[in-house]
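Undergrad: Predicted model follows, preceded by the sequence.
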Amino acid sequence: MQFKRKLGDEMTGVRDLKTLLKSMQPKLIKEEFVFCTVSEEFFSKIKIEPLLVFREEEGITLVLEKKTADENTLSYSGTWALISIGVHSDLSEVGFLAAMTKKLSDAGISTNIVSAYYHDHILVPFEKADRALGLLTELSHG
């Protein structure tokens, strides 16, 4: 899975909370994702392209497609759906993630958030993906 920056995209994101909420454009990514953890040594030997790599004191966390984890016999618990938020949010905006996570939390949907340079991404339990997408779409319509 790869995202490409479009020519002409601005380098600064939207800061106004109302504009962000109205412009969310949540999109469900079709793949099934998992969280795994591996050692630095193991990670340097495997040939995979995870969606996310985060180094922690205890080990490396990988977020990758379930099929890739299965092919490499990596352990995981639970599967996750990825919802990408289409608006280019400013990294210093206050309240945008809180509004989305509150909406999902109120519906009993757990979230794991990744904020990248251009967009925010929400991982939700795979079986709750459609409900989460509906709630975020509802939030964007006010």
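TA: Done, it's in.
Undergrad: Okay, and the beta partners of the most centrally placed residue in the chain?
TA: Residue closest to the mean C-alpha point of the chain, counted by Cα atoms, centre = their mean, is His121 at 2.9 Å. Beta bridges link His121 to Ser84, Val114 when assigned by DSSP bridges.
Undergrad: how much space between it and Ile46?
TA: 23 Å (Cβ to Cβ, to the nearest Å). To be clear about C-beta, it is placed using only N, CA and C from the backbone, and glycine gets the same treatment.
Undergrad: before we move on, back to that, any idea how far the residue nearest to the centre of the chain lies from Val114?
TA: Counting by Cβ to Cβ - His121 and Val114 are separated by 5 Å.
Undergrad: Please apply the same query to Gly142.
TA: 25 Å.
Undergrad: Quick check on these two: which one has the bigger neighbour count.
TA: The residue with more neighbours, out of Gly142 and Val114, is Val114; 15 against 7, by other Cβ atoms under 10 Å.
Undergrad: I figured that one was touching Pro50, is that so?
TA: No. Using Cβ atoms under 8 Å, Val114 makes no contact with Pro50, being 11.9 Å away.
Undergrad: Show me the helices in the chain, by range?
TA: Using DSSP state H, the helices assigned to the chain run over residues 17-22, 40-45, 66-71, 96-106, 129-140.
Undergrad: want to try CSV for these, with mean pLDDT, mean neighbour count and distance to Glu57 as columns?
TA: Shown next, in CSV, are the helices of the chain (pLDDT from 0 to 100; neighbours: other Cβ atoms under 10 Å; distance: least, Cβ to Cβ, whole Å):
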stretch, mean pLDDT, mean neighbour count, distance to Glu57
helix 17-22, 92, 16, 33
helix 40-45, 94, 10, 11
helix 66-71, 97, 15, 22
helix 96-106, 97, 16, 24
helix 129-140, 98, 17, 31
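Undergrad: coming back round to it: got a list of what the residue nearest to the centre of the chain touches?
TA: Leu82, Ile83, Ser84, Ile85, Ile113, Val114, Ser115 (Cβ atoms under 8 Å, 6 or more residues apart in numbering).
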